[in-house]
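Undergrad: Task: produce atomic coordinates for the following.
(one chain, ligands or ions: 1)
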Amino acid sequence: MIDEQGPARPRAVTRRQAVGALGLAASAAAAAGAATTAAAQPTRGPASLLYPHESRTRATRDLSGLWSFQLDPKNEGEAGRWFERGLPAPRKIPVPCSWNDLFDDALNYFGTAWYETEFHLDPAWRGRRVAVRFGSAVYHARVWLNGVYLGEHLGGHLPFAFDVTGLAHDGAPNRLVVAVENELRVDRVPSSPDPKAGHFAFLEEPNTAYDFFPYCGLHRPVLLCAAPDTHLQDVTVTTGLSGNRGEVAVEFQVSGAWSGPATLTLTGGPKPVTVTAAVKAGAGVARMVVPDVRAWSPDDPFLYRLTVRLGPEGAPVDEYTLKIGVRTIAVRGSEILLNGKPVFLKGFGKHEDGAIRGKALDLPMLVRDFELLKWLGANSFRTSHYPYAEEALMLADEYGLMVIAETPGVSLIFSDPPEVIEARYKQLEMALGELIRRDRNHPCVILWSLANEPIAKPFHTADPEPPGAVETGRKFFANLFARARSLDRTRPVALVSVQGGPAEWVGQGDVICQNSYNGWYAVSGRLGDAAVALEQEVTALRARHGDKPVIYTEFGADAVAGMHSQPPAMWTEDYQADIIETYWQVLRKHPYVVGTHPWAFADFRTGQSTMRVGALNQKGVFTRDRRPKLAAHRLRSLWRST
Ligand code: GCB
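TA: From the prediction side, this is the model:
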């Protein structure tokens, strides 16, 4: 089992592994018991996962569009060599998009589906290194190019890429085929109930232990990326402040153990800052000092452009530019300090969710959501309950929204069998590593959340938790916290607990994140009693966790838009607005509460159940199509006046 000292300890990830998906993903797939492929060993090496911004030396082509698509309920595709012969009876599907809301026969389909497209290489890319990069495939993807197996990736929401140089034809069509499988399994994160084990299902159809619809498919763009043969593989930026001086430390890796000169430039401020660095055996480090720095904050989300250039200005070997914010984040006593000053988080837990496209990237909706957050006077959100698209983080940098970035560690139950917990651990550790590697350069990310509401035993049973469940969870999280802190020493780490959660788990965090449903799941329908219960709860949290800062990461009530009552009753807009205001009034009296995130920003799709009217969680303060409920107006007046 999970042992702090033993063999299941997070293993060291080498720099080479760290930049590629293939080796890591393959071992995660094996760990979580994914179907092994008959296509033998992957043939291609991993490619850099740096977001493929274009530059003088780099180009990107978006393969989004209409692809061919076929469900494979009998799992015939691999034996029938669909990856080589093409899909026998395809229909068209947009990429990116979830498949569930497009086709009636695919709504509750959680097996394997095949995707196929063709592309031509740009002749200008001759001699360059070419990779194919997937933003997210939910859940297990296997990829072939021109009939050759490239590799696999397990786990949605995070990017993976394969180097296809030499394999992609120049001057002839290339056939890219992807098999995406999304079985709802107990040994995955998020995990689904095992009907054989008599597990409790939170939602009935489809059967999930978590409260959102398990949309599946290619959810984010598939990109072709061209870079020089010698190229930057990874860049890590950390920033500091000292008086009115900013400090920017950059570590970077170059392919092929390249050695030579690099130049780093920071522009956007009154004067560019330029330094040089000597790259040795593929590794480079540089430090930059920014006089009269404009620190990044929600009030002034100022971004600099950092360019890393290898080789001479006139003939760069490679050049990569990213936007960065200079800021610090720290926990001191009961405060979260951004740039040394206490911050209070006003915002929400959200979901990536929309009609028809499901969980696929929706840029118009993303911009609209951030506009609405600003309209409300919010300054933050949590990427509940999985990593959001990279574009969401880039936009949050621009809007000055502080982000609690969450892993897919949802529905973790520690009374489950050891082998199931072990498989989930491996998958979660992998996802955490990929998440931190992907998002660590974003100033908007101020806190990592390792999991949402892990529990020692299922909610529905009155039996005591099995012996050892809390201790198993303690070790599980001790390992995960250690892993997060070793991968990023600059940000606080927490896990989000439900109604208190075992103190041995939650207390390992730098911040206490609490989900709480007084007035809804507890003391239902009784607003006055809910306020009393909340007061007791928040006082008890202080007693249990000393002076750590507390964020209320969820509270609220379902409200069917248009339903009203006086006195306010459950399911009405009036009751929802009153519950949210009650939490605000009670929590504001406790200075160690440094944030309130009502659940949720907008209504979202769930499975069907007696608890979810119209298969929607209606705790949104906006409807699914972003019409404000009474609670949105109430929050706006509360938040804008503080
Ligand atoms: C929770 C979960 C969230 C649910 C919410 C609810 O505690 O974290 O995923 O959607 O409760 O509405 O039940």
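
Undergrad: Touching, Thr265 and Glu313? I think so.
TA: No - contact criterion CB atoms under 8 Å: Thr265 and Glu313 do not qualify, at 9.9 Å. Backbone N, C-alpha and C define where each C-beta goes, glycine included.

Undergrad: which of these two has more neighbours?
TA: Of the pair Thr265 and Glu313, Thr265 is the one with more neighbours under other CB atoms under 10 Å, namely 18 against 9.

Undergrad: Quick check: neighbours shared by Thr265 and Glu313?
TA: Shared contacts of Thr265 and Glu313, defined by CB atoms under 8 Å, 6 or more residues apart in numbering, are absent.

Undergrad: Report the separation between the most centrally placed residue in the chain and the ligand.
TA: Geometric centre of the chain, nearest residue: Pro387, 0.6 Å, by CA atoms, centre = their mean. For Pro387, the distance to the ligand equals 15 Å [CB to the nearest ligand atom, to the nearest Å].

Undergrad: tell me the contacts of that residue?
TA: Applying CB under 8 Å, 6+ apart to Pro387 gives the contacts His157, Leu158, Ala405, Glu406, Thr407, Pro408, Ala431, Leu435, Arg438, Asp439.

Undergrad: And the helix or strand where Arg424 lies, what's buried?
TA: Assigned by DSSP states H and E, Arg424 belongs to helix 418-439. By 16 or more other CB atoms under 10 Å, the buried positions in helix 418-439 come out as 420-439.

Undergrad: Then stretch 171-183?
TA: Asn174, Arg175, Leu176, Val177, Val178, Ala179, Val180, Glu181, Asn182.

Undergrad: So what does the last one have for phi and psi?
TA: Per-residue torsions, Asn182: phi -130, psi 60 (degrees, to the nearest 10).

Undergrad: do the same with the fifth one
TA: With angles defined as degrees, to the nearest 10, Val178 shows backbone torsions of phi -130, psi 130.

Undergrad: Okay, and the beta partners of the residue nearest to it when sequence neighbours are not counted?
TA: Sequence neighbours aside, Tyr115 is the residue nearest to Val178 in space, at 4.5 Å (criterion: CB to CB, 6 or more residues apart in numbering). Applying DSSP bridges to Tyr115 gives these bridge partners: Phe69, Val178.

Undergrad: which helices and strands does the helix holding Arg424 pack with?
TA: Under the contact definition 3 or more CB pairs under 8 Å, 6 or more residues apart in numbering; DSSP states H and E, helix 418-439 sits against helix 22-31, helix 390-399, strand 445-452, helix 469-487.

Undergrad: Which helix or which strand is home to Gly620?
TA: Using DSSP H and E, Gly620 maps to neither a helix nor a strand.

Undergrad: Dihedrals phi and psi, Ser497?
TA: Dihedral angles (degrees, to the nearest 10) for Ser497: phi -110, psi 160.

Undergrad: and the closest residue to the residue nearest to the centre of the chain other than its chain neighbours, which of the three is it?
TA: Counting by CB to CB, 6+ apart, Pro387 lies nearest to His157, which is 4.4 Å off, once chain neighbours are set aside. Under DSSP: H, G, I helix; E, B strand; the rest coil, the three-state class of His157 is coil.

Undergrad: Contact partners for His157?
TA: Ser136, Val138, His219, Tyr386, Pro387, Tyr388, Pro408, Ala431.

Undergrad: Check whether the fourth one really touches Gly156, as I assumed.
TA: Spelled out, it's Tyr386. Yes - using CB under 8 Å, Tyr386 is in contact with Gly156, at 6.9 Å.

Undergrad: Give me the number of neighbouring residues for the closest residue to Ser497 other than its chain neighbours.
TA: Residue nearest to Ser497 in three dimensions, not counting chain neighbours: Val506, with 4.4 Å by CB to CB, 6+ apart. Number of residues near Val506 (other CB under 10 Å) recorded here: 24.

Undergrad: Quick check: pLDDT value at Val506.
TA: pLDDT, Val506: 96.

Undergrad: ditto for Ala602
TA: Per the predicted model, pLDDT is 98 at Ala602.

Undergrad: and the closest residue to Ser384 other than its chain neighbours, what are its bridge partners?
TA: By the measure of CB to CB, 6+ apart, the closest residue to Ser384 outside its immediate chain neighbours is Gly349, 3.9 Å from it. In this structure, Gly349 bridges to Arg382, Trp599 when assessed by DSSP bridges.

Undergrad: where's Gly349 relative to Ala600, distance?
TA: 5 Å (CB to CB, to the nearest Å).

Undergrad: joint contacts of those two?
TA: Ser384, Glu554.

Undergrad: For the ligand, give me its nearest residue in the chain.
TA: Residue nearest to the ligand within the chain: Asp211 (3.5 Å; CB to the nearest ligand atom).

Undergrad: if we can go back for a sec, doesn't Trp144 make contact with the residue nearest to Val178?
TA: No - under the criterion of CB under 8 Å, Tyr115 is not in contact with Trp144, lying 10.7 Å apart.

Undergrad: Tell me, how many residues neighbour Ala462?
TA: Neighbour tally, Ala462, other CB under 10 Å: 5.

Undergrad: what about it, which SS state?
TA: The three-state assignment at Ala462 reads coil, by three-state DSSP.

Undergrad: who touches it in this structure?
TA: Contacts of Ala462 (CB under 8 Å, 6+ apart): none.
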